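A.B. asks: just need the structure, nothing else, for what follows:
(one chain, ligands or ions: 1)
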Amino acid sequence: MPIARPETSDARVIAHVDMDCFYVQVEQRRQPELRGLPTAVVQYNEWQGGGLIAVSYEARKCGVKRSMRGDEAKAACPEIQLVQVPVARGKADLNTYRSAGSEVVSILAQSGKCERASIDEVYLDLTDAAESMLADAPPESLDSIDEEALKSHILGMSRNEGDDFKESVRDWICRKDADRRDKLLGCGMIIVAELRKQVLKETEFSCSAGIAHNKMLAKLASGMNKPAQQTVVPYSAVQELLSSLPIKKMKQLGGKLGTSLQTDMGVNTVGDLLQFSEAKLQEHWGTNTGTWLWNIARGISGEEVQGRLLPKSHGSGKTFPGPRALKSLSNVQHWLNQLSEELSERLSSDLDQNKRIASTLTLHASAFKSKDSDSHKKFPSKSCPLRYGVTKIQEDAFNLFQAALREYMGPFGIKPQGNKQETWRITGLSVSASKIVDIPSGTSSIMRYFQSQSTVPSCSADRCVQEYVEITPSASEGCSEQRSIETQAAMSEEDISTHYTENIDPVPEKFPCQDFSCQSNEATPFQTQSESSKGTQRKTQSESSKGTQMKRIGRKINSSKEKSQGMPSIVDIFKNYIATPQSKQETEEDSTVPSTSKRNNFSSRSSHSSEVNQEVGERKETKWGYKIDEIDQSVFDELPEEIQLELRSFMRPNKRPNAGKSKGDGSASSIAHYFPPLKR
Ligand code: DCP
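C.D. replies: Below is the predicted model:
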């Protein structure tokens, strides 16, 4: 079936740049003696050598995979070098990797509109740069074309046997009869090759790239030839690429919707979708999803590259799988304090470096109850206006938790069932700060800004605590006189369990390591294209003097010592201000998936893992089920998209209150009904 050809004037040049085995490269830069050796980065626990989260290409050649544990990797490749993820506050500290990613972004951002898509992925809109090149110095006019560009893989490029690869690429780039789209892609190839070389030179990191006319195709292409290579998708190659592309490999089709397309409609490749009319797809999947499917079958995607270099939110999370689940209020508070401290640090540095301020604090947790038919009930997420200062964040986070727990446990809290009381277990905690905006310049306006953000509280923190203590059995454990002893006891238990229980499951083990920073979809004044082209770190003189002022403020905000000494700080502005928890659950519970979905590979891993979990768990606590599907999704928001999608599809097997309804029902046709929206 012929593909509808969009207007030539729509031709854009989009690149997706993806770092190769990123954490490994960061560690190899830190320890150059590891370069060229089979290397893997592992989780910080020691159970079976820790879970692998990044594997070098040398190690991959020996059969080492990310799903393995350290011991397995050693068995497969005895000479493998295992490097532990840095740890801070009892959890993985990703700051090194995050900063390394920022180094790359600041180089790439100089070439055009740049969107930081995850910790190691960037989209670039190079249309303007390619058009300028085509106008001023088209490839055929160049004396020579860079070797790196000549090593590009061009999908669908015909080559006679014996032809020199690079010569063929040169001919393709310099074809006089090429259409404008291909000419622009040729320019894009040269620009991206140059950028990749620059990244390598300045950061020592290699990366791979995909170059195409839209984000979707560029992303597909970047993973096709790794490491350190680039792949181009000319318009003429789109149909062939998609015709053989398994449906689940397509972005956003890795989960339930993809499975349902396979089982309900016999669609195995993206190309198979071409047999259905738009109306038919809409009839089956609703208006928006139907149109979206019709478009992707033709390689059409209108998604713009967002000018966004800074994260949209900051967060810190940790999971407590299996027997490590938290069971006392004091233990929860201990971990919330750690997470809040990290969050506060990141907020201060954002304020310091970027002059940005966040206004909403959100608490997410995942939990299960000991004996409840309603055990799938989700632990509600709660938000309140954010108050700066580590102790305030800790306080508010704990209050939010208690309010959420009260809601989760229901009006009675304790439900006598036989002689046993119902209790709760927390398997994941995270705190995040969102609604980040640039602050007005100057200290006084910052103060005004904060004052204007204050709202009248509807629920006092004390009341929340009080109510909570009244209703839950575990709350009694949180009484102040017991707290310190309990915390110590609980902590030593956590330490002990680390040796054999942490990260038993191959998937959730990633989460403790994934303290996250969500990415913004909204450009800020720091993120406009013109600003981007000046580089992320560049500031005008007046901006840097503002920066100095902000540094002072940032320090004040972060200093609880100063606060205790009674020095004025922004924190004091909020002294009469109390957190108002608001449930966020509804907005986050919008995923609707087809009922016909079957378990995917991850699901089978899950069931296996649960068994392992249970087995190991029984050694310590016995009988606590581990509900992996309730782990907070935001914890891994920083991971590459396809991994997020894969994990989401695995983690949300039961969330479909209205399954079936949306099918054939145009009114329930939003794509958001089929999978959770990416917070990007
Ligand atoms: N990561 C993680 N847990 C996962 C997947 C990834 O912590 N389950 C981290 C480690 C990776 C980084 O994110 O280095 C980027 O993930 P990618 O999927 O891009 O994989 P790599 O960059 O490691 O390898 P590749 O060269 O295949 O992209």
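A.B. asks: doesn't Val233 make contact with Ile211?
C.D. replies: Yes. Between Ile211 and Val233 there is a contact under Cβ atoms under 8 Å: 7.2 Å. In short, each C-beta sits where N, CA and C put it, glycine included.
A.B. asks: more neighbours: which of those two?
C.D. replies: It is Ile211, of Ile211 and Val233, that has more neighbours when counted by other Cβ atoms under 10 Å, with 32 against 28.
A.B. asks: following element in sequence after the helix or strand that one falls within, please.
C.D. replies: Assignment of secondary structure by DSSP states H and E places Ile211 within strand 207-212. Next helix or strand after strand 207-212 toward the C-terminus (DSSP H and E): helix 215-222.
A.B. asks: what sits in contact with each of Ile211 and Val233?
C.D. replies: Ala218, Ala221 (Cβ atoms under 8 Å, 6 or more residues apart in numbering).
A.B. asks: what parts of the stretch 201-350 of the chain come near the ligand?
C.D. replies: Taking Cβ under 6 Å from any ligand atom as the contact definition, the stretch 201-350 of the chain meets the ligand at Lys226, Pro227.
A.B. asks: what about the strands in the stretch 201-350 of the chain?
C.D. replies: 207-212, 230-232, 314-319 (DSSP state E, counting those that start in this stretch).
A.B. asks: just the buried positions in the second one, please.
C.D. replies: Right, strand 230-232. Neighbour-count burial for strand 230-232, with 16 or more other Cβ atoms under 10 Å as criterion, is recorded at Gln230, Thr231, Val232.
A.B. asks: I figured the second one hits Met224, correct?
C.D. replies: Spelled out, that is Thr231. Yes. Counting by Cβ under 8 Å, Thr231 touches Met224, with 4.6 Å between them.
A.B. asks: shared neighbours of those two, anything?
C.D. replies: In contact with both Thr231 and Met224: His153, Gly210, using Cβ under 8 Å, 6+ apart.
A.B. asks: picking up where we left off before, lowest-confidence stretch among the strands of the stretch 201-350 of the chain?
C.D. replies: For the strands of the stretch 201-350 of the chain, mean pLDDT drops lowest on strand 314-319, to a mean of 91.
A.B. asks: can I get it as CSV, trimmed to CA atoms?
C.D. replies: Coordinates of each C-alpha in strand 314-319 appear next as CSV, following Å, rounded to 0.1, in the frame of the first residue of the first chain:
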residue,chain,number,x,y,z
HIS,A,314,13.6,16.6,40.9
GLY,A,315,13.0,13.5,42.9
SER,A,316,14.6,10.9,45.1
GLY,A,317,13.2,7.4,45.5
LYS,A,318,14.1,4.0,46.9
THR,A,319,12.4,0.6,46.9
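A.B. asks: what's near enough to touch Cys79?
C.D. replies: For the record, residue 79 is Glu, not Cys. Glu79 touches Leu37, Pro38, counting by Cβ under 8 Å, 6+ apart.
A.B. asks: if I've got this straight, it is in a helix?
C.D. replies: No. Counting by DSSP: H, G, I helix; E, B strand; the rest coil, Glu79 is located in no helix; its state is coil.
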